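Chemist: need a 3D model of the sequence below.
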Amino acid sequence: MRSCLRLPPRALRLPLLPLLPVFGGSLSKASGTLGRTALCASHRWASTSSYSGATREKAAELEKRISAIPIDRFRNFCIVAHIDHGKSTLSDRLLEHTGTITAGDGNKQVLVCSGLLQDKLDVERERGITVKAQTCTMLYRSARDGLDYLLHLVDTPGHVDFRAEVTRSYASCGGALLLVDASQGVQAQTVANFYLAFAQGLVLVPVVNKIDLPTADVPRALGQLESVFDMDTTNAVHVSAKTGLGIADVLPAVVENIPAPVGDINKPLRMLLVDSWYDQFRGVILLVRVFDGQVRAGDKLVSFATGQQYTVGEVGIQYPGPVAQSVLRAGQVGYVFFNPGMRRIQDSKIGDTFTTVGSQDVVEPYPGFEETKPMVFVAAFPVDQSLYSKLADSIGQLVLNDRSVTLQKDHSEALGAGWRLGFLGSLHCSVFQDRLRQEHGADIIITEPTVPTKIVWSDGKEQIVTNPADFPESEDHRIRSAKLYEPFVRATMTLPGEYVGRVIEICENARGIQKSIEFFHATQVILQYEVPTASLVDDLFGKLKGATKGYATLDYEDAGWRQSTLVKMNLLVNKAPVDAIARVVHSSVVDRLGRKWVEKFKKHVDRQMFEVVIQATAGRRIVARETIKPFRKDVLAKLHASDIGRRQKLLDRQKEGRKRLRSVGNVVIDQSSFQKFLSK
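Modeler: Modelled structure (predicted):
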């Protein structure tokens with residue numbers, strides 16, 4: 001590499017830094033775990049300024065306009081809605097309306113693949129969903145007074161699995177656009193997001209989208225907003241984000257209704273960490289909201305959560321790509337990274353407060369919010385153990401930019417070395433698996449999702465078990481006197497009234513506890529149930545969709561622990577447990593699940609030279625059994641009409657031989673058998 005690349009003098013090296021990813025083949029080997037995608041990510045960072053059209057001259061002009069805008073003309077807002085109600089499309093139209101981007105087919109869902117998150121999430125565009133909250137700053141000249149306004153927009157995910165992203169977004173905003181689909185009306189996540197935003201004191205502006213559809217019923221949607229949320233909809237904005245109809249009315253409503261942020265530029269710095277991402281060359285990049293004071297490159301900052309001190313390397317805004325600025329003032333939302341950089345993403349505690357060194361005694365830390373807790377756990381193993389190191393690099397790289405994933409090493413007798421991964425929900429797990437395959441070409445075996453279990457021992461000590469293999473067997477005398485708890489969620493479902501009976505039956509079968517039922521606008525019903533998280537993971541949403549012809553919607557939030565009758569289920573092959581398939585389940589589902597296991601596993605195990613017995617057990621009880629008959633040699637083929645004693649002697653000898661073979665023989669189960677069994 002040194003012989004073929006001659007570097008310029010030291011003074012000229014800095015401008016060439018964005019060109020280094022061109023030589024990604026050698027650099028990725030040197031960088032170890034980060035690999036090719038991180039290099040491409042940094043190249044995208046370096047090239048985003050050209051993508052957004054922000055040359056140095058334009059960046060200077062942009063900063064000049066921003067510096068002339070006082071804090072009372074700042075507006076920080078987000079868009080919250082049910083999944084697939086048009087949040088990202090509306091964001092695109094607002095960016096086009098303010099001139100932040102140019103209109104065109106190449107600028108669809110801009111916030112999905114721009115922003116500080118460097119990994120381009122192809123899975124977001126494939127599925128038509130937003131996985132990561134993305135941000136952008138806009139400059140808007142009001143037609144009412146002819147003045148410039150600095151607007152900061154956050155496009156939040158709509159799926160319930162990514163509720164944490166929505167919660168983080170609220171901390172940086174003063175208001176929100178409550179978006180409702182004119183054809184679908186109020187849905188489950190509309191209800192959940194409303195109460196979440198209302199609890200944080202955000203001002204909500206109702207917006208009815210997709211008014212151009214033939215099935216649109218705007219009066220019904222407005223009536224639902226009034227009856228469910230008691231909102232005044234007289235000034236609701238009617239838009240079609242797809243065609244651009246009514247877009248010009250959105251930002252005036254934002255300026256008039258959403259309050260300006262409160263802050264004092266002359267006070268000591270008080271800066272909230274909203275989110276963070278990882279960049280190979282710059283380290284951890286922070287998305288921050290400045291409440292008081294100002295921050296600029298060279299400032300010495302200290303973290304309230306960790307006590308560590310850092311020197312600011314650069315500050316800037318998203319427009320929509322990163323554009324460096326000389327200063328971030330009170331009321332603004334932007335990015336910050338340090339020099340030398342923060343190397344561990346674990347050091348960036350979401351909800352942490354930063355201030356300048358020496359001001360710790362006079363600055364009150366912002367009331368932070370808790371880190372997200374994983375609700376679903378899976379074990380992941382490479383299809384071929386020779387690919388373990390490569391897969392470890394790929395998983396490590398994705399975890400760098402998804403702090404809500406928990407990771408620890410795991411081992412299975414059947415599948416070898418692997419990892420235990422914690423996710424926010426089933427969709428979160430599915431998206432992570434798709435990203436591994438698309439971006440890293442990784443073949444991976446994912447076990448069935450499980451939920452954590454809490455054990456309170458007789459001496460009062462508590463233990464959280466996330467791996468079913470670690471759950472004590474029934475023979476353990478301690479488990480008999482212990483109390484077992486499983487997590488519950490509070491599920492909110494909206495559905496047409498004609499399907500209420502079917503949905504209630506599904507929820508009751510899932511061990512749900514009804515909390516409320518509300519009929520609104522004659523056709524829709526809102527049901528609230530407390531449901532075990534295990535039932536939710538077991539495709540509860542799919543069952544609801546099937547029973548309601550696709551009309552039901554679901555939102556959920558953590559409802560704590562409930563004492564329950566739990567038992568560990570094992571799958572035995574010739575009396576040897578298969579640890580990769582063990583689960584902790586409620587006693588009411590043992591028989592059904594055991595029969596399902598043995599019937600399905602039998603299809604994927606090859607016949608042996610001896611009898612193979614497959615059993616599902618719950619404690620000491622055998623729940624279900626299937627037997628795979630052995631290959632049989634016809635030892636009587638040459639006897640013809642021989643004596644009956646001779647025939648019986650040969651059969652007995654064969655029987656004894658099979659017993660000896662079964663005592664020393666091992667059942668060989670191919671990896672593909674586990675992969676087929678664990679796949680749905």
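Chemist: if I look at Met342, how far off is Gly174?
Modeler: According to Cβ to Cβ, to the nearest Å, Met342 stands 28 Å off from Gly174. C-beta here means a position set from N, CA and C on the backbone, and glycine is covered the same way.
Chemist: which parts of the strand or helix carrying Asp558 are buried?
Modeler: Element membership of Asp558 [criterion: DSSP states H and E] is strand 553-563. Using 16 or more other Cβ atoms under 10 Å as the test for burial, strand 553-563 gives Thr553, Leu554, Asp555, Tyr556, Ala559, Trp561.
Chemist: okay, the first one: pLDDT?
Modeler: Thr553 carries a pLDDT value of 80.
Chemist: list the contacts of it.
Modeler: His82, Gln187, Ala188, Gln189, Met493, Thr494, Leu495 (Cβ atoms under 8 Å, 6 or more residues apart in numbering).
Chemist: how about Thr565: what's its closest non-neighbour residue?
Modeler: Among residues not flanking Thr565 along the chain, Ser587 sits closest, at 4.6 Å (Cβ to Cβ, 6 or more residues apart in numbering).
Chemist: what sits against that neighbour?
Modeler: Listed by Cβ under 8 Å, 6+ apart, the contact set of Ser587 reads Thr565, Leu566, Val567, Ala618.
Chemist: could you export the contacts of Thr553 as JSON lines, including pLDDT?
Modeler: Below are the contacts of Thr553 laid out as JSON lines (pLDDT from 0 to 100):
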{"residue": "His82", "pLDDT": "79"}
{"residue": "Gln187", "pLDDT": "82"}
{"residue": "Ala188", "pLDDT": "75"}
{"residue": "Gln189", "pLDDT": "75"}
{"residue": "Met493", "pLDDT": "87"}
{"residue": "Thr494", "pLDDT": "84"}
{"residue": "Leu495", "pLDDT": "86"}
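Chemist: flag every buried residue along the longest strand anywhere in the chain.
Modeler: Secondary structure of the chain per DSSP state E: the longest strand is strand 483-496. Within strand 483-496, the residues scored as buried using 16+ other Cβ under 10 Å are Leu484, Tyr485, Glu486, Pro487, Phe488, Val489, Arg490, Ala491, Thr492, Met493, Thr494, Leu495.
Chemist: quick check: the nearest residue to the fifth one once chain neighbours are set aside vs Thr565, distance?
Modeler: Read it as Phe488. In space, and not counting its chain neighbours, Phe488 is closest to Ala559: 4.4 Å by Cβ to Cβ, 6+ apart. To Thr565, Ala559 is 19 Å away according to Cβ to Cβ.
Chemist: now the helices for the stretch 201-350 of the chain?
Modeler: 218-229, 250-257 (DSSP state H, counting those that start in this stretch).
Chemist: so how far is the first one off the chain centroid?
Modeler: What it means is helix 218-229. 30 Å (Cα atoms, centre = their mean, to the nearest Å).
Chemist: swap in stretch 404-421?
Modeler: For stretch 404-421, the distance to the chain centre is 19 Å (Cα atoms, centre = their mean).
Chemist: that one: end-to-end distance?
Modeler: Taking Cα to Cα, to the nearest Å, stretch 404-421 runs 10 Å from one end to the other.
Chemist: where's Leu572, which helix or strand?
Modeler: Assigned by DSSP H and E, Leu572 belongs to strand 566-573.
Chemist: what pairs with the helix or strand following that strand, parallel or antiparallel?
Modeler: The helix or strand immediately downstream of strand 566-573 is strand 576-577, counting by DSSP H and E. Strands that pair with strand 576-577, judged by DSSP bridges, come out as strand 566-573 (antiparallel).
Chemist: may I see the buried residues of the strand it pairs with?
Modeler: Leu566, Val567, Lys568, Met569, Asn570, Leu571, Leu572, Val573.
Chemist: any idea which of the residues you listed the model trusts least?
Modeler: Across the buried residues of strand 566-573, the smallest pLDDT goes to Val573, namely 84.
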